[in-house]
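**Student:** Using only what follows, build the 3D model:
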Amino acid sequence: MQFITLDRIKIKANNKYLLDHQVKFNEDYDHRSGILKGEYYSSKADANIPYNLFIATSKPKQTLTLEFSSKILQEDYPKMISKETIKDCLERINQLGICQIDTQGVLETGCITSMDVTKDVNLDLTPQVLDTLNERVGNYRRYRWEHYVNEGIAFSRDVKSKDCKESLILYNKDKELQRSDNLPFLNSLPNKSQMLDYFKGKTRFELSLDTPRKIKQYTEVDDTYILDVLNTKVNPLLYIFDNIFYNDEACGKRTHFRDYDTLTMDLLLSQYNNDLKQIEQTLRGCFKTRSGLTKRMKKIQELLAERQASTENQVNLLQNIRNLLI
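**Tutor:** Modelled structure (predicted):
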């Protein structure tokens, strides 16, 4: 079976696992008492680290926080953060000349407090794919969708409670990787072209789980210890995909009504369960000539064929996309 992979992870462990500093950390003081609350390092202020890395300690809570992206793996970036690579990720922190951490201690006792579950698949986000995803959303009152930069789409659960919010994002990973803010990372690699070739034609699926409660819910673990989460047999991306697209409303027929005439014919088809014979019997008294009825029934028959073909194509396409996540 395949285990989950992450593009971003946030870990909390005991601050005793930060063994020493090799660069000066920023100090965080309580603005009222002036007491030192903790220290932190952020790669945002370090031109030598071309990816997100955050290391912090809290004296009151006695915690060590580590947050990083899978770009820390450098040339192994496509592997992302997983049960196979998490130890390597932690060891690479020690190779950066920033600090030294007890990697084994963090790995055995640390808990994941936030993470982005991610999978890259061979899929071209064509207008047909985007339209199908738009139209097949099940409960439109529960989920809203939004295109961005014509290169991706986000499906968000429309709720007020932050703890209940959830979003599935799809975007063109090839184009995203070539943005200006990713150039420092690409230029740090021994073979930039090889990395770009790998992501060519790939779409990234991403689900952000930003609280321990969400992590427990989507991975079905009792505690969010690093190895417990990364060893889960549950597929969070498939879970949310099915929530959005595979329910009674999503599996029903969908039609774009182009005009009043089309709407009327579609309502007739729905009323009579696509039974053309019953529709013809009902309409017979509405036309003065047989030719008028024949022309109308031809239009209704064409609409039925178009709707059935469209529905079948969308269902097949949606199933193909779902199979990519398995």
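
**Student:** residues in contact with the residue most central in space within the chain?
**Tutor:** Computing the C-alpha centroid of the chain and ranking residues by C-alpha atoms, centre = their mean puts residue 206 first, at 2.0 Å. Taking C-beta atoms under 8 Å, 6 or more residues apart in numbering, we find residue 206 in contact with 7, 116-118, 168-171. All C-beta spots, glycine's among them, are computed from the backbone N, C-alpha and C.

**Student:** Can you tell me which of those residues end up in helices?
**Tutor:** Judged by DSSP state H, the contacts of residue 206 include no members of helices.

**Student:** can you put these in TSV and add distance to residue 89 and neighbour count?
**Tutor:** Output for those, formatted as TSV (distance: C-beta to C-beta, whole Å; neighbours: other C-beta atoms under 10 Å):
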residue	distance to residue 89	neighbour count
7	12	20
116	14	21
117	16	26
118	14	21
168	24	25
169	22	18
170	25	22
171	23	18
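
**Student:** if I've got this straight, the residue nearest to the centre of the chain is in a strand?
**Tutor:** Yes - counting by DSSP: H, G, I helix; E, B strand; the rest coil, residue 206 falls inside a strand.

**Student:** gap between the host helix or strand of residue 244 and the chain center?
**Tutor:** According to DSSP states H and E, residue 244 maps onto helix 236-245. Centroid separation for helix 236-245 versus its chain: 10 Å, with C-alpha atoms, centre = their mean, to the nearest Å.

**Student:** State the number of residues packed around residue 218.
**Tutor:** Neighbours of residue 218 under the rule other C-beta atoms under 10 Å: 22.

**Student:** Pretty sure it sits against residue 115.
**Tutor:** No - the pair residue 218 and residue 115 does not pass the contact test of C-beta atoms under 8 Å, sitting 9.7 Å apart.

**Student:** Give the residues shared as contacts by those two.
**Tutor:** Joint contacts of residue 218 and residue 115 (C-beta under 8 Å, 6+ apart) are residue 209.

**Student:** Secondary structure element holding the closest residue in space to residue 187 that isn't next to it in sequence?
**Tutor:** Leaving aside its sequence neighbours, residue 187 sits nearest to residue 50 (C-beta to C-beta, 6 or more residues apart in numbering; 7.6 Å). Assessed by DSSP H and E, residue 50 sits outside every helix and strand.

**Student:** In contact with residue 50, which residues?
**Tutor:** Per C-beta under 8 Å, 6+ apart, neighbours of residue 50: 71, 184-185, 187-188.

**Student:** Strands of the protein, start to end?
**Tutor:** For the chain, the strands defined by DSSP state E occupy 6-14, 18-21, 26-29, 36-42, 53-58, 63-69, 99-101, 111-122, 143-148, 152-157, 167-172, 202-209.

**Student:** What residues of the fourth one count as buried?
**Tutor:** Okay, so that is strand 36-42. Using 16 or more other C-beta atoms under 10 Å as the test for burial, strand 36-42 gives 37-39, 41.

**Student:** Near the nearest residue to residue 234 once chain neighbours are set aside, how many residues? Count them for me, please.
**Tutor:** The shortest distance from residue 234 to any non-neighbouring residue, by C-beta to C-beta, 6+ apart, is to residue 220 (4.8 Å). Neighbour count of residue 220, defined by other C-beta under 10 Å: 11.
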